[in-house]
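Chemist: Compute the structure for the input listed below.
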Amino acid sequence: MQAIDLAVIGGTGVYRLAELEDIESHVVETRFGLPSGPVRVGRLEGRRVAFLARHGEGHSVPPHLINYRANLAALQDLGVRRVLALNTVGGITVACGPRVLACPDQLIDYTWGRVSTLCEGEPWASAGGEVLHVDFGEPYTRSLRAAVVDAAAHAGVELLDGGCYGATQGPRLETRAEIARLRRDGCDLVGMTGMPEAGLARELGLDYACLAIVANWAAGAGPDPDEVITLQDVLDNVAAASAGLPALLRALLRN
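Modeler: All right, here's what the predicted structure looks like:
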């Protein structure tokens with residue numbers, strides 16, 4: 001099997017990569033079960049690129065029920081070594097308003113009850129039960145983050161370099177008090193799928209970076225705390241923030 005240069009995991013509002021050519025579909029059953037959907041593998045800039053919709057291509061899987069282990073294992077089984085995760089998020093701090101594209105460098109995990117490690121269950125026990133104490137001080141791979149930031153600069157895509165992603169349980173949105181706590185904790189962005197995905201990627205030895213697409217202000221965070229956000233607002237903001245993604249991906253693959 002030919003090597004895959006990059007895998008992209010799409011979040012809310014990003015269910016395919018229209019730029020991919022010569023697409024092959026792979027239904028991969030892993031030792032952790034089935035992923036959220038088929039892995040689409042095609043070509044971009046002469047490179048092989050894989051795409052997987054995190055919530056399924058019809059957005060049928062809520063964040064707390066995603067089989068994150070199977071998603072990442074499926075990509076690894078296909079030969080993926082580098083993963084770029086697209087996460088649709090809310091903005092908390094001033095620089096992280098709607099339509100911003102950010103590449104965070106830190107995260108805080110507020111999720112609960114999710115299978116958050118390879119070290120659990122029958123697949124792990126059958127493989128010998130090795131306990132993985134991975135270093136997670138820098139949750140995103142420094143070299144891949146640097147490559148993404150550099151690609152954005154080359155492509156002329158405005159990208160916020162850095163920031164802290166707060167991963168919440170979902171699927172409900174957060175209260176104003178919860179967002180105020182996240183702000184006090186140092187979070188700039190809030191989403192529901194950043195963990196355990198990043199931690200599992202580290203356990204699997206995959207290079208992993210996040211591109212956070214800011215769809216709306218988090219509860220009480222914007223200039224108008226009483227603003228009502230509609231679904232159409234969110235979709236419009238995701239489309240606007242994602243407009244530069246094709247150029248960024250092409251620059252990343254070229255370099």
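Chemist: Show me which helix runs longest in this protein.
Modeler: Ranked by residue count under DSSP state H, the longest helix found in the chain is helix 142-155.
Chemist: show me the contacts for the spatially most central residue of the chain.
Modeler: Residue closest to the average C-alpha location in the chain (C-alpha atoms, centre = their mean): Ala85, at 3.0 Å. Contact analysis of Ala85 by C-beta atoms under 8 Å, 6 or more residues apart in numbering lists 8-9, 11, 54, 193-194, 197-198, 208-211. For glycine as for every other residue, the C-beta is placed from the backbone atoms N, C-alpha and C.
Chemist: So among those, where is pLDDT lowest?
Modeler: Ranked by pLDDT, the contacts of Ala85 bottom out at Gly11, which has 85.
Chemist: Near that residue, how many other residues are there?
Modeler: Neighbourhood size, Gly11 [other C-beta atoms under 10 Å]: 26.
Chemist: quick one, what contacts it?
Modeler: 54-55, 85-88, 191, 193, 213.
Chemist: Between those residues, which sits nearest Leu20?
Modeler: Comparing the contacts of Gly11 against Leu20 with C-beta to C-beta places Leu86 closest, at 14.3 Å.
Chemist: Kindly spell out which helices and strands sit in contact with the longest helix of the chain.
Modeler: If contacts are counted by 3 or more C-beta pairs under 8 Å, 6 or more residues apart in numbering; DSSP states H and E, helix 142-155 sits against strand 82-91, strand 101-103, strand 207-217, helix 245-254.
Chemist: which parts of the first one are buried?
Modeler: Of all the residues in strand 82-91, those buried under the rule 16 or more other C-beta atoms under 10 Å are 82-91.
Chemist: Nearest to Leu72 among the residues you listed?
Modeler: When the buried residues of strand 82-91 are compared against Leu72 (criterion: C-beta to C-beta), the nearest one is Val83, at 7.2 Å.
Chemist: hang on, the earlier thing: show me what the residue nearest to the centre of the chain is bridged to.
Modeler: Note on Ala85: beta-bridge partners by DSSP bridges are Ile9, Cys210.
Chemist: So, low pLDDT: which residues of the stretch 1-150 of the chain?
Modeler: Along the stretch 1-150 of the chain, the model assigns pLDDT under 70 to residues 1.
Chemist: re earlier: widest-spaced pair of the contacts of Gly11?
Modeler: His55 and Ile213 (13.8 Å).
Chemist: Looking at the two, which one has more neighbours?
Modeler: It is Ile213, of His55 and Ile213, that has more neighbours when counted by other C-beta under 10 Å, with 26 against 23.
Chemist: Name the nearest residue to that one, ignoring sequence neighbours.
Modeler: Using C-beta to C-beta, 6 or more residues apart in numbering and skipping residues adjacent in sequence, the residue nearest Ile213 is Ala241, 4.6 Å away.
Chemist: Near the one you found, how many other residues are there?
Modeler: The burial count for Ala241: 23, using other C-beta under 10 Å.
Chemist: just the one 3 residues further on next, same as before
Modeler: The criterion is other C-beta under 10 Å. On that basis, Gly244 has 17 neighbouring residues.
Chemist: What's the separation between it and Gly46?
Modeler: Between Gly244 and Gly46 the computed distance is 21 Å (C-beta to C-beta, to the nearest Å).
Chemist: go on, Thr175?
Modeler: Relative to Gly46, Thr175 is positioned 48 Å away (C-beta to C-beta).
Chemist: what do you get for Thr193?
Modeler: Taking C-beta to C-beta, one finds Thr193 at 30 Å from Gly46.
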